[in-house]
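*Asks:* Pasting a predicted model and its sequence here:
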Amino acid sequence: MKSLQLTDLKKHETLPNSYQVSLAYKGRKVDLILDNYAYSLQQLLETANNLLVSLPDMDSKARRYLAQENIERFNTCREQQQEPTVSEEYLEHAMQLSAIQLFDESIDFYYHLNCDKDYQLIVEVDLLRGYKNPTFRQWFADAQVENKYLKKVTSFLKKVFKGK
């Protein structure tokens, strides 16, 4: 993937203080969203370029994490549809990265998954141990948590992914 420049970014239509660019990744469009609140746009762009170098490995690890966390929920949904249950490996390959959001000290991957209705799985990527050893934490858009970050995620999902 080529390095991104400031000129590649466009002001986000619905999120204040945010910029975006669409990238081709694995033959699909992935939106990269940079929210410059605590950090400058240049700092976020540098982080984004570093992230893009490691994206295939981080994407694979994030999908593996989400598959482990969500296999039971996914199979329950399939059973309700009278479909056979699937393995974690199947679920891991059924996820498609749809967006990456960088703001403050957070990097979030948004995955699309189809099961009865469209689902978005959100995982926060923690790079404290470096790009080769990320850790993950799943976020739920419908969680009732008094957390500025989670409210932003919920707002982001409602605005950006509604109707997709």
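*Replies:* Structure's in. What do you need?
*Asks:* where's the closest residue in space to residue 57 that isn't next to it in sequence relative to residue 71, distance?
*Replies:* Spatial nearest neighbour of residue 57, excluding adjacent residues (C-beta to C-beta, 6 or more residues apart in numbering): residue 132 at 7.2 Å. To be clear about C-beta, it is placed using only N, CA and C from the backbone, and glycine gets the same treatment. Taking C-beta to C-beta, to the nearest Å as the measure, residue 132 falls 25 Å from residue 71.
*Asks:* Looking at the two, which has the bigger crowd around it?
*Replies:* Set residue 132 next to residue 71 and count neighbours by other C-beta atoms under 10 Å: residue 71 wins out with 18 against 10.
*Asks:* For the more buried one, give its distance to residue 122.
*Replies:* 17 Å.
*Asks:* burial of residue 131, as a residue count?
*Replies:* Residue 131: 14 surrounding residues under other C-beta under 10 Å.
*Asks:* Over to residue 47?
*Replies:* Residue 47 sits with 16 neighbouring residues when counted by other C-beta under 10 Å.
*Asks:* So which residues of this protein form helices?
*Replies:* In the chain, the helices defined using DSSP state H lie at 41-80, 88-94, 148-160.
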